[in-house]
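Trainee: just need the structure, nothing else, for what follows:
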Amino acid sequence: MKINAQRDTIKIKVFILFIFITLMSCTKQNPIEEAFYTKPNEYWQYYTETYHGPSFLKFNKNKTSVNVSIEKNKFIVRETAGDVLLFPLKWSVSKDSILTWDHRKYDIVSYNDKLILLYTKGKNETNGKIESGFIYLIKGTIDNVRKEPGYYGHKRELHPEKYIEK
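Mentor: Numbers count the residues shown, from 1 in each chain. Model (predicted):
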């Protein structure tokens, strides 16, 4: 009788351990998603080949992203542009490295804690053409704000002599 009780106790402990391990593995965070999160003093700056304005983004643990501006060393959340609601946008990352950001899908080409490289292909909402390209998210901090993408194009226009190839 005592041996059966010990076996039952062992079975119960093994079962509880199995349930605990299963629950822990189900709640484990996707490491790519963890790379997107921004700390209170961090942001991601959005760069593309064609977009030249400043765009600062924060990706939150509640799986929303917001567009922010930086004024006097503080983040100001920008949710609208006139009458158009821009943010917050929901986002998630699948196990096969596809970022779903609002209603669009992006391939995550590469990532680390300083840079995320995305590939996109889809219909341009303005002209209806199928377009593709890369999006660079480069991490910055509020006390060391990165130059906006347009800076580099203007620099080349102002000083073409510096870029002559021999």
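Trainee: give me the phi and psi for residue 32.
Mentor: For residue 32, the backbone dihedrals (degrees, to the nearest 10) come out as phi -70, psi -40.
Trainee: quick check: chain neighbours aside, which residue is closest to it?
Mentor: residue 93 (4.7 Å; Cβ to Cβ, 6 or more residues apart in numbering). Backbone N, C-alpha and C define where each C-beta goes, glycine included.
Trainee: and that neighbour, what does it touch?
Mentor: 30, 32-33, 36, 99-100, 108 (Cβ atoms under 8 Å, 6 or more residues apart in numbering).
Trainee: so which of those residues comes closest to residue 76?
Mentor: Residue 76 lies nearest to residue 36 out of those, by Cβ to Cβ, at 20.8 Å.
Trainee: can you get me a residue count around the closest one?
Mentor: Residue 36 has 25 neighbouring residues, counting by other Cβ atoms under 10 Å.
Trainee: surely it and residue 101 touch.
Mentor: No: the criterion here is Cβ atoms under 8 Å, and residue 36 misses it with residue 101 at 9.8 Å.
Trainee: mind listing what's buried along stretch 102-118?
Mentor: 106, 108, 111, 116-118 (16 or more other Cβ atoms under 10 Å).
Trainee: state the mean pLDDT of it.
Mentor: Averaging pLDDT along stretch 102-118 gives 95.
Trainee: which outside residues touch that stretch?
Mentor: 32, 35-36, 44, 89-91, 93, 97-99, 119-120, 122, 134-139.
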